[in-house]
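In: Whatever this is, show me its structure:
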Amino acid sequence: MAEARGKRENEALETAYSSVWSTGTYFMGLDKVRSTLTSRHVKIEKKDRNIAGLQLADLLAHPLTRDVLVAEGRLPDCGGPFANEIAEAVRSKYNRQLFDGRIRGYGRVLFT
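Out: The predicted structure is shown next:
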């Protein structure tokens with residue numbers, strides 16, 4: 001599920017989602033994609049619907065974005081005690097490189 005933005009952004013997301021559903025990705029084959037995603041179509045909802053999953057995503061997004069920036073040396077900290085606790089609680093869940101356990105580039109990715 002994604003949070004609605006604007007018409008153009010929602011259409012772009014729907015197109016990208018449809019492409020992944022139809023062909024998979026370089027990193028995930030079609031069978032795995034279809035067994036992981038719950039629907040052929042992306043679910044897009046407005047923020048005012050107050051959906052729990054979107055609210056949780058909002059709580060996590062800012063501290064975890066800052067955690068990536070801290071790890072990359074771009075910020076000194078996650079932004080305060082609550083943000084630091086959120087980041088610390090989630091770090092063990094970051095995706096890791098299978099052979100050496102690296103998080104950078106796998107569970108923490110900075111697009112520049």
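In: what's the closest non-adjacent residue to residue 1?
Out: Of all residues not flanking residue 1 in the chain, residue 43 sits nearest, at 4.4 Å (C-beta to C-beta, 6 or more residues apart in numbering). Glycine gets a C-beta too; all of them are placed from N, C-alpha and C.
In: Run a quick neighbour tally on that neighbour.
Out: 11 (other C-beta atoms under 10 Å).
In: how much space between it and residue 33?
Out: 16 Å (C-beta to C-beta, to the nearest Å).
In: Likewise for residue 68?
Out: 25 Å.
In: So these two - more neighbours on which side?
Out: Higher neighbour count among residue 68 and residue 33: residue 68, with 20 against 16, using other C-beta under 10 Å.
In: So that one versus residue 16, what's the distance?
Out: For residue 68 relative to residue 16 (C-beta to C-beta), the value is 21 Å.
In: Look at the nearest residue to residue 42 once chain neighbours are set aside and say how many residues are nearby.
Out: Of all residues not flanking residue 42 in the chain, residue 17 sits nearest, at 3.9 Å (C-beta to C-beta, 6+ apart). Per other C-beta under 10 Å, the neighbour tally for residue 17 reads 18.
In: what helix or strand does residue 17 sit in?
Out: helix 7-23 (DSSP states H and E).
In: Show me what that helix is packed against.
Out: helix 30-36, strand 44-45 (3 or more C-beta pairs under 8 Å, 6 or more residues apart in numbering; DSSP states H and E).
In: Where do the domain boundaries of the protein fall?
Out: 1-49, 51-112 (automatic domain parsing).
In: Let me have the ones you listed in JSON lines, adding mean pLDDT as columns.
Out: Shown next, in JSON lines, are the domains of the chain (pLDDT from 0 to 100):
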{"stretch": "domain 1-49", "mean pLDDT": "94"}
{"stretch": "domain 51-112", "mean pLDDT": "92"}
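In: Name the helix or strand for residue 98, please.
Out: Judged by DSSP H and E, residue 98 forms part of no helix or strand.
In: separation between it and residue 56?
Out: 28 Å.
In: Over to residue 38?
Out: 17 Å.
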